[in-house]
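Novice: Based on what follows, work out the 3D shape:
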Amino acid sequence: TAVTYEGLLAVADNNRIEPVVHKQFSKEQMEHFSKVQREKAKKPVALDEQAAEECRKVLTAFFEEMTAWEQFVEQVGFENNEVEPRIMVIWEKYVSEKPRAGYRPLGLSISHSGTYFGEQFIDAEQITKNKLYIYTREKNTGFDRRFLMKRVGEDWMIDAVQERLDGWQRTGL
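Specialist: Take a look at the predicted model:
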């Protein structure tokens, strides 16, 4: 069934709709639809732009340090004595989430190009005064993530990450 772009936007308030597009809509139209869909799903809490910017800075630093750590591991291998202490330093600095079995830092894994190398910030959502979601998209694959950021004392830390697969699903950092 042919659907117009206006028709697609009319159903944007249903966050379960994930169109399968075969050249019917442009990439820009689909990005706009995704943004409208996210906006309609948000809770009506005003975004603290300063807090969102602080969270983006924390995530940028985390992405850079994780990419450097993954490059280090690729050079020296997982057996090197420095691998685990280095990731634990990163975790203590940026992550408030408790380590979980099977995920970093306990379950060591790397991505050869860097897990967060191509992340681009696309949106932010204020949950409460001390919690925000920062939305990212991997520039090469279009893969979406959202990071739950939590204020711990005066600092913002990563509390959890979710990937958009069949809806948002929790995953490990």
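
Novice: Report the residue ranges of every domain in this structure.
Specialist: With domains defined by automatic domain parsing, the chain comprises 5-41, 49-171.

Novice: Select from those the stretch with the lowest mean pLDDT.
Specialist: Ranked by mean pLDDT, the domains of the chain end with domain 5-41 at the bottom, a mean of 80.

Novice: Would you mind measuring the gap between the ends of that one?
Specialist: Domain 5-41 has an end-to-end distance of 19 Å (criterion: CA to CA, to the nearest Å).

Novice: can you pull the buried residues of that domain?
Specialist: Residues L8, A12, F25, M30, H32, F33, S34, Q37, R38 are the ones in domain 5-41 that count as buried (16 or more other CB atoms under 10 Å). (Each C-beta comes from the backbone N, C-alpha and C, glycine too.)

Novice: SS state for N14?
Specialist: Following DSSP: H, G, I helix; E, B strand; the rest coil, N14 is assigned to coil.

Novice: Now do the contacts for it.
Specialist: By CB atoms under 8 Å, 6 or more residues apart in numbering, N14 lies in contact with nothing.

Novice: how much space between it and K40?
Specialist: Using CB to CB, to the nearest Å, N14 is found at 9 Å from K40.

Novice: Then T115?
Specialist: Counting by CB to CB - T115 and K40 are separated by 30 Å.

Novice: for this protein, which helix is longest?
Specialist: Of all the elements of type helix in the chain, the one with the most residues (DSSP state H) is helix 49-76.

Novice: need the next SSE after it, C-terminal direction.
Specialist: Remark: after helix 49-76, the chain's next helix or strand is helix 83-94, criterion DSSP states H and E.

Novice: and after that following helix, which helix or strand comes next?
Specialist: Note on helix 83-94: by DSSP H and E, the next helix or strand toward the C-terminus is strand 119-128.

Novice: neighbouring contacts of the helix or strand following that following strand?
Specialist: Downstream of strand 119-128, the first helix or strand assigned by DSSP H and E is strand 131-138. When contacts are defined by CB under 8 Å, 6+ apart, strand 131-138 is touched by residues 38, 47-48, 51-52, 55-56, 59, 118-127, 143-151, 156, 159.
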